[in-house]
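Visitor: Below is the sequence, then the predicted model.
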Amino acid sequence: MIKVNNITKLYGHQRALDDVSFTIEPGEIVGLLGPNGAGKSTLMKIITCFIPPTEGDVTVCGHSIFEEPREVCRCIGYLPEQNPLYTEMYIPEFLKFIAGTYNIKNRNQRVDEIIHLTGLEPELGKRIGALSKGYRQRVGLAQALIHDPQILILDEPTTGLDPNQLEEIRKVIRDAGKTKIVLLSTHIMQEVEAMCSRAIIINHGKIVADNSTAELKNKELSGNNYCVEFDRDIDINKLRQISDITKVSKETGHTYTIVAKGDKDIRQTLFRWAVDQGYTVLTIQKKQDSMEQIFQQLTH
C-alpha cells in the first residue's frame, strides 16, 4: 500500500503541501485532483523519492522513502508530467535499455509484451523524437510498466491522446488497477469518472475531499435537485405551493428543475400532485453534480 503520513513541503516561505495524509490499498485507481499549483506534482515527486518532504514520511509497500528509497523505487512505475525520453533511440532499443536497468530476465520477451500492451507496434520503425505527443506518452507508460511494478504513479498520463488512443490507454490503466495501485493526476474530470474509483482533491496544499467518486457525486453540494418532464406546461405557482419544494425553474420544452428542502425525496409527492392536477409525469430524475461542478465548488 501507499501510506502518506502528515506530509508538509516548504519552498522557502511557500507551503506547497500542508499536513497531507492518506492511505491507498491495492486494487484502487485514485485520481489526484487540484488546480494548477495545488501541490499534486510535488506530492508525486515525494512519493517517488525525487524530492524529500520538509515534514512527515511516506511508506510504499512497507518501505520508508527515507530509510529504503531504492526499495521504494523498485515498487513504483512512474510517468512524470514532463515525459523524459531518449529521443535518438528507437522504441524497442529504449525499452530494452530501461528493462536492463531493472535486471529483467527474458528482456526481449518482456519488451515485446509491453509494446503490444501499450499499442506501440505501428511506430516501431521510428525514433522516439519523431513520434507524435500521443505516442510519446505511450512510450512513457510502457517504461513505467516494463518491470511490472506494484504501484503506478502517472502525472497527466492521457495528455495529447486522440479519442481512440484515449480509450485504449484507459483500458490499459483500468486493467492495471485490478491488481496494482494506480495514482494518477489529471485536469480532465471525464478521466476521473471513466477510470477512478476514488478521488483525492487538493487545494492550496491541503486535502479538501477524499472519497469514492460515487459518494462525491452524491454529496449534493449544490442542493437536492430533481429534473422532471411533464406532458405539457404546468402551473409553476401551484407547484411551488408544495411545502417541501423551495424552487421551481423551467428548462427546455416541458422540463423543469425542482429544488427540495434538505434531503427530502419528493418524487412520490410530485407524482401525486401531477395526478391531482391532471398532468402526466414523463420522466423524473434526481440530479447529481458532475465531477467538474464538485471540483469547482471545492477549489474556488
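Guide: Alright, I've got the coordinates.
Visitor: in the chain, which spans are helices?
Guide: Using DSSP state H, the helices of the chain run over 40-47, 69-75, 91-101, 107-117, 133-145, 163-176, 189-195, 213-217, 236-239, 267-277, 291-299.
Visitor: quick one: buried residues of the fourth one?
Guide: By that I understand helix 107-117. Within helix 107-117, the residues that qualify as buried are 107, 110, 111, 114, 115, 117, counting by 16 or more other CB atoms under 10 Å. Where C-beta positions appear, they are placed from N, C-alpha and C, glycine not excepted.
Visitor: Run through the residues that contact the fourth one.
Guide: Yep, that's residue 114 we're talking about. Neighbour list for residue 114: 95, 142, 145, 146 [criterion: CB atoms under 8 Å, 6 or more residues apart in numbering].
Visitor: Now do the second one: how many residues are near it, please.
Guide: When counting by other CB atoms under 10 Å, one arrives at 24 neighbours for residue 142.
Visitor: show me what contacts it?
Guide: 91, 95, 114, 115, 117, 118, 120.
Visitor: Can you check the pLDDT for the last one?
Guide: Read it as residue 120. At residue 120, the model reports a pLDDT of 93.
Visitor: Use 3 as the first number for this chain going forward.
Guide: New numbering, starting at 3: the last item is residue 122.
Visitor: Provide the backbone phi and psi angles at it.
Guide: With angles defined as degrees, to the nearest 10, residue 122 sits at phi -90, psi 0.
Visitor: Distance-wise, check it relative to residue 136.
Guide: Distance from residue 122 to residue 136, counting by CB to CB, to the nearest Å: 11 Å.
Visitor: just the fourth one next, same as before
Guide: Between residue 117 and residue 136 the computed distance is 15 Å (CB to CB).
Visitor: Can you lay out the buried residues of helix 109-119 as CSV showing pLDDT and distance to residue 285?
Guide: Shown next, in CSV, are the buried residues of helix 109-119 (pLDDT from 0 to 100; distance: CB to CB, whole Å):
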residue, pLDDT, distance to residue 285
109, 93, 58
112, 96, 52
113, 96, 53
116, 94, 47
117, 95, 48
119, 89, 42
